[in-house]
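Visitor: Take a look and give me a structure for this.
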Amino acid sequence: MELERETKEEMSEKLVFILEQIAQQKAEAAAEDIIKSAVEKKAKPRSAKNKNFRTIRANKRKKLERKQQRKNRRSTFIIATAVMAVVSFVAVLIGVGVKWMLSLWDSLTIEELIYTAFIAPTEGMNAGMLRSLILTLLAVMIPLGVGLWFGLRFIRRNRKNWYFKATALVSAVCVLFCALTLHSAWVSLDVTQFLIDQEIIGSDSDEDETMKVPEKTAVATVAAPSSLVIDESDTEAFKNADYRTPTDSDSFIDQEYVDPAIVPLRFPETKRNLIFIFLESMEITATDVENGGIEKVSYIPELTQLAKENESFSGDEETLTGGFSAYGSTWTVGAMFTQSAGLPLALPISRNSMDTQSTFIPGVTNLGDILKKAGYTQEIIMGSDAAFAGRDNLYLEHGSYLLHDLIWARETGLVPPKYKVWWGFEDKKLFEFAKDDLTKLAESSQPFNYTMLTVDTHFEGGYKCEDCLNEFNSRYANVYACSSRKVAEFVEWVQQQPFYENTTIIISGDHPTMDGDYFRIPRGYSRRTYFTIINAPLEPEITTKRDYSTLDIFPTTLAALGVKIPGDRLGLGTNLYSSKQTFLEIYGESDLNSKLRKKSDLMKELTADIH
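Guide: You can find the predicted model right below:
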């Protein structure tokens, strides 16, 4: 028993010893692991630590770069979208503006556009036209802008990847619309031919463009003697006197122009008064078919009757003739210049500062210059501001006219200080003011030239005053009818005055209406301005219908005052009382306009002072 007890104790001690050894070994192993770990940690290369640090920095940098790229893409996207939006807006603005212009001015020419938009002063312009343009632009731009805004927002929310493409497509369509509209305007205004005529670009044709006169028009001319005075008793020499200036130029204007300053005009011993009435946009088209117009019922019966009872150079025919508005005379100031100077208002394209000038082509001698030299008192009355388009300069420079316009009416108290209807004051007031002016002019012993310009029939639609009746379904037709009555009433008043016996009345439309959507012109119909002369002291040598342009009104006006004109030509105009052919009778409308468009050394010289 004791032996067994001793054996158990020894085994217990051995087991404890073994366990202690194991525990010691584990402790030593653990200690070694700690030491080894510490040593390894201490001995770990610095480069590994740096590598880890660089990796962290690189990741941060990449993250910042990606963030910046997203920011740059967003900025680029915003800028690109803004640019495309601006391009689209400007393209539509230009396109709509051009379409508005072409629809409003049916007969607009490049010359009128250049003169009105870039050369002439716009002071006194009718605010209604500007309102019409603004309203047209707003009517298009607002719905279009709103529609595109919501459409693109919808695409961005639902098809984000399509947004940029959709925006680019919209911009491209707007630019295409603008380009097509400008091309249409370029063709409509015949800009290419204008640039060729002004020798800015060359023509594809090598064809000789020198002037060719048909054989049937050849007229023998007798050169005027150096004294420039021809005995009226020598009828043949007087009629065929040639006062053209020799030139090497092949320009029609340079070859055919007769300078009125060198022609020895002969006024009658008792000089006749002149009342010259420019009727805004008045044309033969407004009368009925039987009398040469296109309407079933005449809008201007009183004017039609005046033309038939007096001299309109229609001969024995029932249909009325009228003046063809040649190149450079298809707008008001161009018409007024042409009808008083026998030249087109064709300024070289480089002369684009007439709004800064105090004169109006001073080198030209026109009706006002001639009558001033002959001792006439001259006045002009118009219901608008005379400064518009340089009309004040035209009449102050050429004849020292007394200007009676909207500003004058305000300053003299004839209308309230801020009064303005339509373009200024209406024709009803204009005719009343004219009666007072003429009564005062007649009190003087001097002959007078009293010029009038109406305004109620200006496009678009005209001004319907309180006296206008509702005879027709169209407002413009009613305005034409009202104007016809007022002119006839005014002529009747003049005929009752003591001064009428020695007074010639000329009534002339300035140009065909520019209201593009009013008259439905039949194919082949030639639109002509209204023209008639009342109480002239002579009869035409030709009793058949004449074909004439507004260029011919200048010398014809002087002839209607009893003035003798050697050669029967002044400027490019022909005296319609004579038997000499007009240039329209010689060349026809198309060829005459083509010749007038050609670059002219004379016109360049006359406009040399325009800087």
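Visitor: Look at residue 83 and say how many residues are nearby.
Guide: Burial measure for residue 83: 12 neighbouring residues, criterion other C-beta atoms under 10 Å. C-beta coordinates here come from the backbone N, C-alpha and C atoms, glycine included.
Visitor: any idea which element it lies in?
Guide: helix 46-104 (DSSP states H and E).
Visitor: For that helix, what does the pLDDT average out to?
Guide: For helix 46-104, mean pLDDT rounds to 72.
Visitor: just stretch 399-410 next, same as before
Guide: If you average the per-residue pLDDT over stretch 399-410, you get 97.
Visitor: neighbouring contacts of that stretch?
Guide: Taking C-beta atoms under 8 Å, 6 or more residues apart in numbering as the criterion, the residues outside stretch 399-410 that touch it are 124, 366-369, 371-372, 376-387, 392, 395-396, 414-420, 423-425, 429, 433, 437, 449, 451.
Visitor: Can you give me the separation between residue 286 and residue 408?
Guide: Noted for residue 286: a distance of 30 Å to residue 408, by C-beta to C-beta, to the nearest Å.
Visitor: With residue 135 instead?
Guide: Looking at residue 135 against residue 408, where the rule is C-beta to C-beta, the gap reads 31 Å.
Visitor: and if you look at residue 496?
Guide: Counting by C-beta to C-beta, the gap from residue 496 to residue 408 is 26 Å.
Visitor: Looking at the two, which is more packed in?
Guide: A count of neighbours by other C-beta under 10 Å puts residue 408 above the other of residue 496 and residue 408, at 17 against 8.
Visitor: next SSE after the helix or strand encompassing that one?
Guide: Assessed by DSSP H and E, residue 408 sits inside helix 406-411. Moving toward the C-terminus from helix 406-411, the next helix or strand (DSSP H and E) is helix 427-441.
Visitor: Which elements pack onto that next one?
Guide: In terms of contact count using 3 or more C-beta pairs under 8 Å, 6 or more residues apart in numbering; DSSP states H and E, helix 427-441 is assigned the packing partners strand 377-382, strand 448-453, helix 475-495.
Visitor: Now do it against strand 377-382, angle only.
Guide: 170 degrees (axes from the mean of the first three to the mean of the last three C-alpha atoms, to 10 degrees).
Visitor: Next, the buried residues of helix 427-441.
Guide: For helix 427-441, the neighbour count (16 or more other C-beta atoms under 10 Å) marks 427, 428, 429, 430, 431, 433, 434, 437, 438, 441 as buried.
Visitor: follow-up on the earlier one: so for residue 301, which of the helices and strands packed on helix 427-441 sits nearest?
Guide: Residue 301 lies closest to helix 475-495 among the helices and strands packed on helix 427-441, at 6.6 Å (C-beta to C-beta).
Visitor: what residues does the closest one touch?
Guide: Here helix 475-495 has contacts from 275, 277, 279, 282, 286, 299-306, 427-428, 431, 434-435, 438, 454, 456-457, 461-465, 467-472, 500, 503, 505, 507, 515, 518, 534, using C-beta under 8 Å, 6+ apart.
Visitor: Alpha carbons only: can I get it in PDB?
Guide: Once non-C-alpha atoms are left out, helix 475-495 reads as follows in PDB (Å, rounded to 0.1, in the frame of the first residue of the first chain):
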ATOM      1  CA  ARG A 475     -59.400  98.600 -93.700                       C
ATOM      2  CA  TYR A 476     -56.700  99.500 -96.200                       C
ATOM      3  CA  ALA A 477     -59.400  99.800 -99.000                       C
ATOM      4  CA  ASN A 478     -61.400 102.200 -96.800                       C
ATOM      5  CA  VAL A 479     -58.300 104.300 -96.100                       C
ATOM      6  CA  TYR A 480     -57.600 104.500 -99.900                       C
ATOM      7  CA  ALA A 481     -61.100 105.600-100.500                       C
ATOM      8  CA  CYS A 482     -60.900 108.200 -97.800                       C
ATOM      9  CA  SER A 483     -57.700 109.600 -99.200                       C
ATOM     10  CA  SER A 484     -59.200 109.800-102.600                       C
ATOM     11  CA  ARG A 485     -62.100 111.800-101.300                       C
ATOM     12  CA  LYS A 486     -59.900 114.200 -99.300                       C
ATOM     13  CA  VAL A 487     -57.600 114.900-102.300                       C
ATOM     14  CA  ALA A 488     -60.600 115.600-104.500                       C
ATOM     15  CA  GLU A 489     -62.100 117.900-101.900                       C
ATOM     16  CA  PHE A 490     -58.800 119.700-101.600                       C
ATOM     17  CA  VAL A 491     -58.400 120.100-105.300                       C
ATOM     18  CA  GLU A 492     -62.000 121.500-105.500                       C
ATOM     19  CA  TRP A 493     -61.100 124.000-102.800                       C
ATOM     20  CA  VAL A 494     -57.900 125.100-104.700                       C
ATOM     21  CA  GLN A 495     -60.000 125.600-107.900                       C
END
